[in-house]
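Asker: Generate coordinates for the sequence data below:
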Amino acid sequence: MFKERVVWITGGSSGIGEALAHQFASQGSKIVLSARREEKLNRVRDDCVARGLDPEHVLVLPLDVTSYESMPAAVQRIVQTFGRLDMLINNAGISQRSLCVDTDFSVYQQIFEVDVLGQIALTQQALPIMIKQGSGHIAITSSVAGKIGVPYRTGYCAAKHAVMGFFDALRGEVAHQGIKVTTITPGYIQTNISVSALKGDGSTFDRVDKNIAGGMDVNRCAETIMRGFRKGTPEIAVGEGFEMKGLWLKRFFPGLVFKKVARMV
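Answerer: Residues are numbered from 1 along each chain as shown. Predicted coordinates:
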């Protein structure tokens with residue numbers, strides 16, 4: 001299903017993005033890896049090659065998703081290299097660990113630039129190619145935080161709610177053009193997301209949350225996401241903890257969720 005497909009993964013240097021790159025490598029896809037740090041992307045590229053991927057079938061394409069002016073050239077390079085773009089996985093993002101009252105407004109701006117506007121801008125660059133092809137697949141890594149608001153993550157929750165709304169709406173717009181849209185809602189996954197999360201003053205949190213440390217293994221997470229891609233699941237919920245039950249509780253018993261969330265402070 002994914003053999004020879006051109007798959008572009010942002011946030012591809014670690015975490016869920018890296019784990020998905022390994023999955024697509026094992027399927028014989030043509031992979032484009034993007035993130036800010038080229039040396040980390042090169043490590044992931046080497047891992048993909050070690051898994052049997054042809055070195056000519058993986059392109060390291062450093063990109064800052066807040067550098068909107070660099071996006072057209074990045075898309076052009078992919079098309080020049082592989083001739084097409086079959087799938088864009090918008091996976092770049094940063095989180096937050098601070099109370100609203102302690103958070104500088106610039107932190108909220110940065111989170112929205114990376115987690116929302118960067119994803120929208122890149123999607124706008126990829127869509128014309130997919131529309132011309134008459135096929136394509138766009139995915140966004142949102143979060144359970146895109147469904148449930150929790151303390152110390154006001155900006156992150158707002159951003160993830162925003163992308164859920166945007167890509168749900170986009171799904172309806174492009175369905176008749178042969179383009180699929182998938183929203184991914186991970187719970188606690190064992191990644192470095194909390195290490196690089198922003199504190200109220202803009203510095204990094206620099207440690208692993210207890211919930212993240214006890215979360216789902218990132219490789220199992222990627223396997224679950226791949227199953228969802230194969231099935232054509234429009235919204236893939238992935239995780240193993242109580243937060244996944246929260247998705248159901250929020251829908252039917254929101255008051256219970258609000259009370260539990262309040263006890264987290």
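Asker: got a list of what residue 239 touches?
Answerer: Under the criterion of Cβ atoms under 8 Å, 6 or more residues apart in numbering, the neighbours of residue 239 are 144, 186-189, 215-216, 221. Where you see a C-beta, it was placed from the backbone N, CA and C, and this is true even at glycine.
Asker: Could you rerun that using 7 Å?
Answerer: For residue 239, the contact set (Cβ atoms under 7 Å, 6 or more residues apart in numbering) comprises 144, 186-189, 216.
Asker: so where do the helices sit in the stretch 151-265 of the chain?
Answerer: 154-174, 210-213, 218-231, 242-252, 254-262 (DSSP state H, counting those that start in this stretch).
Asker: Which pair of the contacts of residue 239 spans the longest distance?
Answerer: 144 and 216 (11.6 Å; Cβ to Cβ).
Asker: ok, and the most crowded of the contacts of residue 239?
Answerer: Among those, residue 186 has the most neighbours (other Cβ atoms under 10 Å), with 27 neighbours.
Asker: Please report how far the spatially closest residue to it that is not a sequence neighbour lies from residue 262.
Answerer: With sequence-adjacent residues excluded and distances taken as Cβ to Cβ, 6 or more residues apart in numbering, residue 186 is closest to residue 238, at 5.1 Å. Distance of residue 238 to residue 262, computed by Cβ to Cβ, to the nearest Å: 26 Å.
Asker: picking up where we left off before, in CSV, list the helices of the stretch 151-265 of the chain along with distance to residue 102, mean neighbour count and mean pLDDT.
Answerer: Below are the helices of the stretch 151-265 of the chain laid out as CSV (distance: least, Cβ to Cβ, whole Å; neighbours: other Cβ atoms under 10 Å; pLDDT from 0 to 100):
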stretch, distance to residue 102, mean neighbour count, mean pLDDT
helix 154-174, 11, 19, 98
helix 210-213, 20, 13, 92
helix 218-231, 30, 18, 98
helix 242-252, 24, 15, 90
helix 254-262, 18, 12, 90
